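Chemist: Could you look at this predicted model? Sequence included:
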Amino acid sequence: MSIPEEELPVPARVREVARGAELVPVWRNDYGGVTFRTDDGRYIKHGPLNAESSLAGETERLEWAGRWIRVPHVLDAGADETEEWLVTRAIPGESAVAARWVAEPATAVRAVGEGLRALHDALPVDECPFDWSVPSRIANAAGRGIRVPRSLQEPPPIDRLVVCHADACCPNTLIADDGRWLAHVDLGLMGVGDRWGDIAVASMSTEWNYGPGWEDALIEAYGVAPDRERLAYYRDLWNAT
């Protein structure tokens, strides 16, 4: 995933949904999807149909999670035989990997860790209809033709079941002007799982976004001591699936 550095073509469907608003591409994912910001306070996510997750699934998750935490409000969503789209109302904050926060990694990393803990504490496991357990992740991968190594098919014992973000990389936390976490975005795979599935990925992503040396700072901000066994397992599972 990356911030586009060049001008990108605007798909016809995005122009239709934008209804004349000016469009700026702000994010491109690994599947060819692009998120555009409009000049009237919306974000439009658009991309080809994807076997791992769907924007229809993200719509359901945003509407469910929004009862307890701050997430984008869905304005419109749809799909056809080849493409899908999701329109949300903009939240007045910046991604934790915006230039401002990359220049202040201590502040950004603390916000991501505290924000992830707040998400885990707020969302009710017993009421969550979505699954992100290890068996479900392995089955999802198998459906995409990915065989997970036998060594990863037996996870460590569950530490604490939470509703996981399921893509807790740093870019998916929004930060307010005061440097505190504000909201969470990109919840297309959100579901119940061990909290270390999220902690492992969030802390691992600090090196991609801020350079080495910030992993344990995020875990400290989350409020636990590093569990090296679970960190290693869930990072390997993430990379394998």
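Modeler: Okay, I see it. Numbers count the residues shown, from 1 in each chain.

Chemist: Where do the helices of this structure begin and end?
Modeler: Counting by DSSP state H, the chain has helices at residues 12-18, 55-65, 99-102, 105-122, 134-143, 195-210, 215-222, 228-240.

Chemist: Mind putting those into TSV with mean pLDDT and distance to E84?
Modeler: Any C-beta I mention is one placed from the backbone N, CA and C, and that applies to glycine too. Putting these into TSV (pLDDT from 0 to 100; distance: least, C-beta to C-beta, whole Å) gives the following:
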stretch	mean pLDDT	distance to E84
helix 12-18	95	9
helix 55-65	97	4
helix 99-102	96	29
helix 105-122	98	25
helix 134-143	96	17
helix 195-210	98	24
helix 215-222	98	32
helix 228-240	98	24
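
Chemist: So E58 versus A221, what's the distance?
Modeler: 26 Å (C-beta to C-beta, to the nearest Å).

Chemist: same deal with T35?
Modeler: According to C-beta to C-beta, T35 and A221 sit 26 Å apart.

Chemist: Likewise for I44?
Modeler: For I44, the distance to A221 equals 32 Å [C-beta to C-beta].

Chemist: now swap in E84 and tell me
Modeler: Between E84 and A221 the computed distance is 34 Å (C-beta to C-beta).

Chemist: Repeat that for R235.
Modeler: 18 Å.

Chemist: Mind checking which of these two has more residues around it?
Modeler: Ranked by neighbour count (other C-beta atoms under 10 Å), R235 and A221 place A221 first, with 21 against 16.

Chemist: got a list of what that one touches?
Modeler: V109, R110, A111, V112, G113, E114, R117 (C-beta atoms under 8 Å, 6 or more residues apart in numbering).

Chemist: Can you give me the pLDDT of Y31?
Modeler: Looking at Y31, its pLDDT is 74.

Chemist: separation between it and L75?
Modeler: Taking C-beta to C-beta as the measure, Y31 falls 22 Å from L75.

Chemist: before we move on, what about P157?
Modeler: Distance, P157 to L75, by C-beta to C-beta: 42 Å.

Chemist: Compare these two (neighbour count), which wins?
Modeler: L75 (14 against 6).

Chemist: What about the closest residue in space to W101 that isn't next to it in sequence, how many residues nearby?
Modeler: For W101, ignoring the flanking residues on the chain, the nearest one in space by C-beta to C-beta, 6 or more residues apart in numbering is A108 at 3.9 Å. Neighbourhood size, A108 [other C-beta under 10 Å]: 28.

Chemist: what sits against A108?
Modeler: Contact partners of A108, counting by C-beta under 8 Å, 6+ apart, are A96, V97, W101, V102, C170, I175, N209, Y210.

Chemist: Hmm, the fourth one is touching T206, no?
Modeler: When you say that, I think you mean V102. No - V102 is beyond contact range of T206, at 11.0 Å (criterion: C-beta atoms under 8 Å).

Chemist: neighbour count winner among those two?
Modeler: Neighbours were counted for V102 and for T206 using other C-beta under 10 Å; T206 has more, 25 against 15.

Chemist: Now the more buried one. Nearest residue, chain neighbours left out?
Modeler: Counting by C-beta to C-beta, 6+ apart, T206 lies nearest to W214, which is 3.9 Å off, once chain neighbours are set aside.

Chemist: In the record's domain split, what are the boundaries for the chain?
Modeler: Recorded structural domains for the chain (assignment: automatic domain parsing) are 12-89, 94-240.

Chemist: Counting neighbours, what do you get for the closest residue to T107 other than its chain neighbours?
Modeler: Take T107 and drop its neighbours on the chain: the residue closest to it by C-beta to C-beta, 6+ apart is G179, 4.4 Å away. By other C-beta under 10 Å, 15 other residues sit near G179.
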